[in-house]
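A.B. asks: Curious how this folds, go ahead:
(one chain, ligands or ions: 1)
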Amino acid sequence: MANYTIGVDLGGSHVLAASVDESGVIHTRAERDIDDHAPSVVVDTIALALDEVLAKHESISAVGIGAPGNIDPATGVVEYSPNFNWRSVPLAAKLRERYPSQQVFIANDARCATLGEYAFGTGVGTQNFVLLTLGTGIGGGIVAGGRLLIGNTAGAGEVGHHQVRATDGFICNCGKTGCFEAQASGTGLIRHALAIAHSFPRSTLVSGKPEKLGSKAIRKAAEAGDPHGLAAWNRYADDLSVGLANVIAFVNPEVIALGGGVAGAGAFMLDAVKPRVEELTTMVPRGRTSIVTAKLGNDAGAIGAATMARQGGLHNPTA
Ligand SMILES: [Zn+2]
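C.D. replies: As a prediction, this is how the structure comes out:
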């Protein structure tokens, strides 16, 4: 009989709880929307989703939670979460109070997704692996020597905030200029398209309301050969490639998996970045990192959180 743990993927507007077996397969899933960020309301909402899954699995005794922000997996405290406007919220302790029979573990959502993709997706068979999620921002995680890196203050893997255009880039949400996230997330692609829009007066991409422009429309326009879309895409691919080459220089991974909305471009994206990354890879032997599209999609966070629970937390070896 399969042995389940629960993985919870907590986002700013949505929570997914799922029972996951030891092969990384989801059995039961429950989802709730979140429209109030007060810690007690978020805990109540998580509990609604958790109760729905627990009702189907009486034998479960461990829950893992992936949440946005800087989270110390050892204490289970959300030290800082801009998405929720939280500082020092003891989320694991609040859930342990409510579920005394459960072991509760918590870590950053991108680290959880990395663990999931490493254990059951494109990381299988590797020892050195990186997941980058290209969405509204860039989330990341690093596996080195078969272990997910946590870092001194749980910050390892925050590659979204290394600068790739420090002098002429976009201002990042963190306050710096030209962060990888500002240049190469889905939002970054939109910013590239808007920044050069004046050079394409006949472009239909930004006709009307610029705030309605989405990264998918730009990608599709680029794929169809639209000059504005292509110019934005090329700038985007340049910046993404700088960041990828930097990650290779730091981590020398066997595989970098790209997830999130923009990675839906698949081969169109991989064909754009691979030659650029090769050119920027100098001291680390070239051509030894496979850049691929992540496999687990939106479920990576919940599967990884359940995996963390199965392993008894992130402070233990993953392999
Ligand atoms: Zn930044």
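
A.B. asks: Now do the residue of the stretch 201-319 of the chain found nearest the ion against residue 172, distance only.
C.D. replies: The ion sits closest to residue 243 of the stretch 201-319 of the chain, with a gap of 11.8 Å, by Cβ to the ion. The way it works is simple: take the backbone N, C-alpha and C, and place the C-beta from them, glycine included. Per Cβ to Cβ, to the nearest Å, residue 243 is found 13 Å from residue 172.

A.B. asks: Neighbour count for these two, which is higher?
C.D. replies: Shown here are residue 243 and residue 172; by other Cβ atoms under 10 Å, residue 243 has more neighbours (26 against 21).

A.B. asks: my guess is the residue of the stretch 201-319 of the chain closest to the ion meets residue 185, correct?
C.D. replies: No: if you go by Cβ atoms under 8 Å, residue 243 and residue 185 don't touch, sitting 10.3 Å apart.

A.B. asks: Identify the contacts common to these two.
C.D. replies: Common neighbours of residue 243 and residue 185, using Cβ atoms under 8 Å, 6 or more residues apart in numbering, are residue 138.

A.B. asks: Return the residues of the stretch 151-300 of the chain in contact with the ion.
C.D. replies: By Cβ under 5 Å from the ion, the residues of the stretch 151-300 of the chain that approach the ion are 161, 172, 174, 176, 179.

A.B. asks: State the distance from residue 84 to residue 175.
C.D. replies: Residue 84 is 19 Å from residue 175, by Cβ to Cβ.

A.B. asks: out of the two, which sits in the busier spot?
C.D. replies: A direct count of neighbours by other Cβ under 10 Å for residue 84 and residue 175 places residue 84 higher, at 21 against 8.

A.B. asks: Strands of the stretch 201-319 of the chain, start to end?
C.D. replies: 255-259, 290-293 (DSSP state E, counting those that start in this stretch).

A.B. asks: For these, could you give me TSV that also reports mean pLDDT?
C.D. replies: Shown next, in TSV, are the strands of the stretch 201-319 of the chain (pLDDT from 0 to 100):
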stretch	mean pLDDT
strand 255-259	97
strand 290-293	98
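
A.B. asks: Please identify the most buried of these.
C.D. replies: Counting by mean count of other Cβ atoms under 10 Å, strand 255-259 has the highest mean neighbour count of those, with a mean of 25.

A.B. asks: quick one: strands adjacent to that one?
C.D. replies: Strand pairing for strand 255-259, determined by DSSP bridges: strand 129-134 (parallel), strand 290-293 (parallel).

A.B. asks: buried residues in the top helix by length along the chain?
C.D. replies: Criterion DSSP state H: the longest helix present in the chain is helix 227-251. For helix 227-251, the neighbour count (16 or more other Cβ atoms under 10 Å) marks 228-229, 231-233, 235-248, 251 as buried.

A.B. asks: same question, stretch 118-129
C.D. replies: Quick answer for stretch 118-129 (16+ other Cβ under 10 Å): 118, 119, 120, 121, 122, 123, 126, 128, 129.

A.B. asks: neighbours around the spatially closest residue to residue 240 that is not a sequence neighbour, how many?
C.D. replies: Excluding the flanking residues, the one nearest residue 240 by Cβ to Cβ, 6 or more residues apart in numbering is residue 184, at 4.0 Å. Residue 184 has 28 neighbours, counted by other Cβ under 10 Å.

A.B. asks: And the helices in the stretch 151-300 of the chain?
C.D. replies: Counting by DSSP state H, counting those that start in this stretch, the stretch 151-300 of the chain has helices at residues 180-184, 186-195, 215-223, 227-251, 267-280, 300-311.

A.B. asks: dump the residue contacts of the nearest residue to residue 265 once chain neighbours are set aside.
C.D. replies: Computed as Cβ to Cβ, 6+ apart, the closest residue to residue 265 that is not its neighbour in sequence is residue 219, at 5.1 Å. For residue 219, the contacting residues are 189, 229, 233, 262, 264, 265, 268, by Cβ under 8 Å, 6+ apart.

A.B. asks: do the same with residue 144
C.D. replies: Neighbours of residue 144 in contact, by Cβ under 8 Å, 6+ apart: 127, 128, 251.

A.B. asks: quick one, what contacts the first one?
C.D. replies: Which is residue 127. Residue 127 neighbours (Cβ under 8 Å, 6+ apart): 143, 144, 145, 146, 254, 319.

A.B. asks: what does the last one give?
C.D. replies: Going by Cβ under 8 Å, 6+ apart, residue 251 touches 128, 130, 142, 144.

A.B. asks: where's the third one, which helix or strand?
C.D. replies: Assessed by DSSP states H and E, residue 142 sits inside strand 138-144.

A.B. asks: then that strand to CSV, C-alphas only?
C.D. replies: Coordinates of the C-alpha atoms in strand 138-144 are reproduced here as CSV (Å, rounded to 0.1, in the frame of the first residue of the first chain):
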residue,chain,number,x,y,z
ILE,A,138,12.5,34.2,-10.8
GLY,A,139,12.5,31.5,-8.1
GLY,A,140,15.4,29.1,-7.9
GLY,A,141,17.1,26.3,-6.1
ILE,A,142,20.4,24.5,-6.2
VAL,A,143,21.3,20.9,-5.6
ALA,A,144,25.0,20.3,-5.2
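
A.B. asks: Sweet, I'm off.
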